[in-house]
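Sequence first, predicted coordinates after that:
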Amino acid sequence: MERTFRCNCPITSALDILGDKWMLVIVKQMLIDDKITFKDFIESEEAIASNILAAKLKLLEQVGIITKSQLPGNKKTNLYHLTDMGLSLTPIIVELSVWSEGNLKGLNPIMRNNDQIEFIKSHKEAFIQMVIDNYKSKRL
């Protein structure tokens, strides 16, 4: 897929793909919340509109962050899975979680308490690997 980027900056290029407010939410839902079908995403607490979800899933597939397949025996239900490229976003998701807990908790009084945050901070690499391994084990 031919993609146009704004400039040659690696950060800006990443944001050209992931900078939309829904892209990392969808990746997080797949990675952490076990969302794999369109219906799973629609029924999530983030409440993404179906037309926006369809467009974002298509883009994530086009750039290689996710794959789409059909549920065996049901040609109407698509299954979405993270690729290795998608899984490589795990450290970013984890860092955003830590950053949010440390910087946004006071601004968002309904943010859930994450008892794991101290464990994550002190065992970040192990936690990231655990999340990846957990995701992969559910996809076998």
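Looks like it came in fine.

what's near enough to touch residue 68?
Going by C-beta atoms under 8 Å, 6 or more residues apart in numbering, residue 68 touches 57, 61, 78, 79, 80. In short, each C-beta sits where N, CA and C put it, glycine included.

what's whichever helix in the chain runs longest packed up against?
In the chain, with assignment by DSSP state H, the single longest helix is helix 124-139. With contacts taken as 3 or more C-beta pairs under 8 Å, 6 or more residues apart in numbering; DSSP states H and E, helix 124-139 sits against helix 23-31, helix 84-87, helix 90-103.

right, so those: which one is the most enclosed?
Of all these, helix 23-31 carries the top mean neighbour count, a mean of 20, counting by mean count of other C-beta atoms under 10 Å.

next structured bit after that one?
Next helix or strand after helix 23-31 toward the C-terminus (DSSP states H and E): helix 38-42.

Who are the packing partners of that following helix?
If you count contacts as 3+ C-beta pairs under 8 Å, 6+ apart, helix 38-42 packs onto helix 23-31, helix 50-62, strand 74-82.

Return the distance of stretch 127-140 from the chain's centre.
The chain centre lies 14 Å from the centre of stretch 127-140; the measure is C-alpha atoms, centre = their mean, to the nearest Å.

Need the contact partners of that stretch.
30-32, 34, 81-82, 87, 90-91, 94, 116, 119-120.

Okay, buried residues for the worst-scoring helix or strand of the chain on mean pLDDT please.
In the chain, no helix or strand scores lower on mean pLDDT, DSSP states H and E than helix 117-122, which sits at a mean of 87. Residues of helix 117-122 classed as buried by neighbour count (16 or more other C-beta atoms under 10 Å): residue 120.
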